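A.B. asks: got a predicted structure plus its sequence, pasted below:
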Amino acid sequence: MARNLIQNYKVLDLLEYVAVSAGMMFGASCYLVLGVIAGANSVVDIFLAIAIAATLCIAVALAVGEMASRFPSAPGIRTYLKRAFGDETSLFFTYLSLLVITLFAGIEIKVFWDALWPDTSPHARALATFGLIGVLGYLNTTGRELPRLVQLLIFTALVAGTMALSWVALTRGDMALSYEPIAPQASLISAVGITFFVFIGFEWVTPIAKTPESSRLLIPVSMVIGIATLAITYLFFAVALKLALPGNDLLHSKAPHVLLGGRLFPLHGFLLMQCLSVLALVTILNAGVIGASRLLYILGRDKSFFGWLNKRLSVLNSKGVSTASVAVLCGLCLLSSLLEIYLDAAQNVAQVCAGLYCLVYGAFVASHIRLHKQPVDRDLFRSRVPISLYYLLSAVLLTLGIATFIGSADLVSTRLPLLASISFLSGVAAINVAKSRRLTAYRKT
Amino acid sequence: MSTLSSTLSLTETLAQFRAKVNDDSRLKGILRGWEPVIMIEVLGTGWKWYLPVRDCRIAEIKSDFQDAAHLVQLRASEEALIAIFDGRFNPAEAFLNGDLEIFATDNDQVKLDAISLLLWGI
């Protein structure tokens, strides 16, 4: 009976890790991106794009899993890259991923308003966004967050709801004959690149291991299960969109899931999909923003930013929360949301995020290649993917990252400035902070 | 390789840490209502120390503890643990370097960090 109890707890822990890992990936913005993919590609290319992106992400997840078992409970991006490549490289990619997360949150909020309030003015949405982020900030600073079990239930409802919608669309015999794909075909490479967007964030589960044993098996496995589960969900949904809606509608729809829901269920479809959008926003903001604010706190304690910012980030309120961390994160999310509300650039920003995260995952793979051979005095989870394939994977990820940026009319007006400013800020900050840390360490000796 | 003198050194360091925590009135507020068992494990040796927190104090240091309902687990090498518990090594830096492993809820991690901030200012 004791063994059964332990096994049940392990299964519950695994489910919890899967919910956190997949919860970081699955937001309302995924519906937007899947709509773009479905609108611009044939059914075969949709399948290939999702399958290839998921396979590449699983390979990355196995590498991350091995590093997670080497450094249990550590915040992945900062620790793995620091151990592999040193302070500057680690800081650069840490800042980069934090900025991408805030852009991601901005896209989420934009898609949320597109689903709930499709016909409102940008000013009304901006005001509502202030209120939404204000509430989020208040809940964060008072230490309130969703229990992990609720996170698990919300994630399950999201996946089940999406699969159910897709199933209804696919099994309605008249759908495939009604619409011909008329949208322009995109290259498979850029389709795979943008598909990375819907898998961003699986690695954020690594610091929440409850025990050392979890890091050795449950955490790595949870990432693989999360990616595989969502790959199937996304595939069903994207194909359902392809067969149920005209290509032009898909390419230009800001809330394709709402469009599909309304098409399938004229009476209640919009409301059902709006409920899904609420769940998606809640799960992303709960898992992502709260986790990121804690990372900011610990980075401040490690003096990973500039002097005055480190001091502010390291101060805790009576609830044990760093108010400055929450304020910085909410401020950046607000800026990102306003950018997307007023410029209506969610698709472009999503492509920038996807491209940048291809590079982040490339950095993870490169770290794994570096750390793989280092001796360690414990049993590790080992990725079975040969190291030679990881060399190839890092080149593939770099190519994919570049491919998602280029080949669009919006490259110069939107993507390039955004990419350049994020990279410049991260690079300059990383060099200066690393220099300051070396100086401080030198003075101490 | 660890020697007996290193083991005593960590035990002494933990004893001094306990005395510091119990003597510091500023920590009472942080410890109020927080009663975990802090388990400190030396990597590669299996040596463990248990520090139960009761009534805003570290009650004792034990080498064995049964059925801790609320466990906070710390793991690192001996050298790192000694440096962390005598205030020479910033625990946040150790954590981000991968030198210190912490298995605890976010609230527990924040409490531990607040203790080190108040005691040593690092």
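C.D. replies: Noted; the coordinates are in hand.
A.B. asks: who in the stretch 251-400 of chain A is up against chain B?
C.D. replies: Neighbours of chain B within the stretch 251-400 of chain A, by C-beta under 8 Å from any C-beta of the partner chain: A:294, A:297-299, A:301-304, A:314, A:316, A:320-321, A:377-378. Bear in mind the C-beta positions are built from the backbone N, C-alpha and C, glycine included.
A.B. asks: residue B:72 looks like it's in a helix, true?
C.D. replies: No - judged by DSSP: H, G, I helix; E, B strand; the rest coil, residue B:72 forms no part of a helix; its state is strand.
A.B. asks: quick one: neighbours of it, just the number.
C.D. replies: Applying other C-beta atoms under 10 Å in any protein chain shown, we find 21 other residues in the vicinity of residue B:72.
A.B. asks: cool, the one 3 residues further on as well?
C.D. replies: Burial measure for residue B:75: 22 neighbouring residues, criterion other C-beta under 10 Å.
A.B. asks: report the beta-bridge partners for it.
C.D. replies: residue B:41, residue B:101 (DSSP bridges).
A.B. asks: just say helix, strand or coil for residue A:204.
C.D. replies: Strictly by three-state DSSP, residue A:204 counts as helix.
A.B. asks: make CSV from the residues of the stretch 251-400 of chain A next to chain B and add neighbour count, secondary structure and pLDDT to it.
C.D. replies: Shown next, in CSV, are those (neighbours: other C-beta atoms under 10 Å in any protein chain shown; DSSP: H, G, I helix; E, B strand; the rest coil; pLDDT from 0 to 100):
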residue, neighbour count, secondary structure, pLDDT
A:294, 21, helix, 85
A:297, 26, helix, 89
A:298, 24, helix, 88
A:299, 25, helix, 89
A:301, 22, helix, 88
A:302, 23, coil, 88
A:303, 21, coil, 86
A:304, 28, coil, 87
A:314, 21, coil, 88
A:316, 19, coil, 84
A:320, 18, coil, 79
A:321, 22, coil, 84
A:377, 8, coil, 77
A:378, 13, coil, 80
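A.B. asks: for the longest helix seen in chain B, buried residues please.
C.D. replies: The single longest helix within chain B, with elements called by DSSP state H, is helix B:4-23. Buried residues in helix B:4-23, defined by neighbour count with 16 or more other C-beta atoms under 10 Å in any protein chain shown: B:9-10, B:13-14, B:17-18, B:20-21.
A.B. asks: ok, stretch B:106-122 next?
C.D. replies: If you call a residue buried by 16+ other C-beta under 10 Å, then stretch B:106-122 has these buried ones: B:106, B:108-117, B:119-120.
A.B. asks: look at residue B:33 and say how many residues are nearby.
C.D. replies: There are 7 residues near residue B:33, going by other C-beta under 10 Å.
A.B. asks: ok, it - contacts?
C.D. replies: By C-beta atoms under 8 Å, 6 or more residues apart in numbering or on different chains, residue B:33 lies in contact with nothing.
A.B. asks: next, count neighbours for the nearest residue in space to residue A:207 that is not next to it in sequence.
C.D. replies: Nearest residue to residue A:207 in three dimensions, chain neighbours excluded: residue A:75, at 4.9 Å (C-beta to C-beta, 6 or more residues apart in numbering or on different chains). For residue A:75, the number of neighbouring residues by other C-beta under 10 Å comes to 22.
A.B. asks: gap between the residue of the stretch 301-445 of chain A found nearest chain B and residue A:76?
C.D. replies: For the stretch 301-445 of chain A and chain B, the shortest gap (C-beta to the nearest C-beta) falls at residue A:301, measuring 3.4 Å. Taking C-beta to C-beta, to the nearest Å as the measure, residue A:301 falls 17 Å from residue A:76.
A.B. asks: residue B:50 too?
C.D. replies: 29 Å.
A.B. asks: same question for residue A:44.
C.D. replies: The value you get for residue A:44 to residue A:76, if C-beta to C-beta is used, is 35 Å.
A.B. asks: list, one by one, the residues from chain B near chain A.
C.D. replies: B:43-44, B:73, B:75, B:90, B:92-93, B:95-98, B:101-103, B:106-107, B:110-111, B:113-114, B:117.
A.B. asks: how about 7 Å then?
C.D. replies: B:43-44, B:75, B:92-93, B:95-98, B:101-103, B:106-107, B:110-111, B:113-114 (C-beta under 7 Å from any C-beta of the partner chain).
A.B. asks: ok now stretch A:195-202, how far from the chain's centre?
C.D. replies: 5 Å (C-alpha atoms, centre = their mean, to the nearest Å).
A.B. asks: which residues touch that stretch?
C.D. replies: By C-beta atoms under 7 Å, 6 or more residues apart in numbering or on different chains, the surrounding residues in contact with stretch A:195-202 are A:21, A:24-25, A:30, A:33-34, A:37, A:49-50, A:53-54, A:57, A:61, A:104, A:223, A:226-227, A:234, A:288, A:350, A:353-354, A:357-358, A:400.
A.B. asks: let's see that with 8 Å instead.
C.D. replies: A:21-22, A:24-26, A:29-30, A:33-34, A:37, A:49-50, A:52-54, A:56-57, A:61, A:100-101, A:104, A:223, A:226-227, A:230-231, A:234, A:288, A:350-351, A:353-354, A:357-358, A:361, A:400, A:404.
A.B. asks: try stretch A:217-226
C.D. replies: A:10, A:13-14, A:17-18, A:20-22, A:25, A:58, A:61-62, A:64-66, A:68-69, A:202-203, A:205-206, A:209, A:381.
A.B. asks: ok, 6 Å please
C.D. replies: For stretch A:217-226, the surrounding residues in contact (C-beta atoms under 6 Å, 6 or more residues apart in numbering or on different chains) are A:13-14, A:17-18, A:21-22, A:58, A:61, A:65, A:68, A:202, A:205-206, A:209, A:381.
A.B. asks: do the same with stretch B:46-63
C.D. replies: B:14, B:18, B:21-22, B:28, B:31-32, B:35-41, B:65.
A.B. asks: next, the distance between the ends of it.
C.D. replies: 11 Å (C-alpha to C-alpha, to the nearest Å).
A.B. asks: host element of residue B:50?
C.D. replies: Using DSSP states H and E, residue B:50 sits within strand B:48-54.
A.B. asks: could you check the angle that strand makes with helix B:4-23?
C.D. replies: Counting by axes from the mean of the first three to the mean of the last three C-alpha atoms, to 10 degrees, strand B:48-54 lies at 10 degrees to helix B:4-23.
A.B. asks: quick one: buried residues of strand B:48-54?
C.D. replies: B:49-53.
A.B. asks: what about the longest helix of chain B, average pLDDT?
C.D. replies: Mean pLDDT, helix B:4-23: 83.
A.B. asks: which residues are in contact with that helix?
C.D. replies: Contacts of helix B:4-23 (C-beta under 6 Å, 6+ apart): B:27, B:49, B:57-58, B:61, B:78, B:81-82, B:85-86, B:119.
A.B. asks: which SS class is the closest residue in space to residue A:203 that isn't next to it in sequence?
C.D. replies: Computed as C-beta to C-beta, 6+ apart, the closest residue to residue A:203 that is not its neighbour in sequence is residue A:64, at 4.8 Å. For residue A:64, the assignment made with three-state DSSP gives helix.
A.B. asks: for chain B, which spans come out with low pLDDT?
C.D. replies: Applying pLDDT under 70 to chain B picks out residues B:1-8.
A.B. asks: now do 80
C.D. replies: Residues of chain B that meet the criterion pLDDT under 80 lie in B:1-8, B:67, B:122.
A.B. asks: kindly report the same for the stretch 201-350 of chain A.
C.D. replies: A:247-252, A:286-290, A:319-320.
A.B. asks: tell me the gap between stretch A:381-394 and the middle of its chain.
C.D. replies: The answer for stretch A:381-394 is 22 Å, by C-alpha atoms, centre = their mean.
A.B. asks: mind listing what's buried along that stretch?
C.D. replies: A:381, A:383, A:385, A:390, A:393-394.
A.B. asks: need these in a markdown table with secondary structure, distance to residue A:340 and pLDDT, can you?
C.D. replies: Output for those, formatted as a markdown table (DSSP: H, G, I helix; E, B strand; the rest coil; distance: C-beta to C-beta, whole Å; pLDDT from 0 to 100):
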| residue | secondary structure | distance to residue A:340 | pLDDT |
| --- | --- | --- | --- |
| A:381 | coil | 38 | 92 |
| A:383 | coil | 36 | 93 |
| A:385 | coil | 36 | 94 |
| A:390 | helix | 35 | 96 |
| A:393 | helix | 31 | 94 |
| A:394 | helix | 31 | 93 |
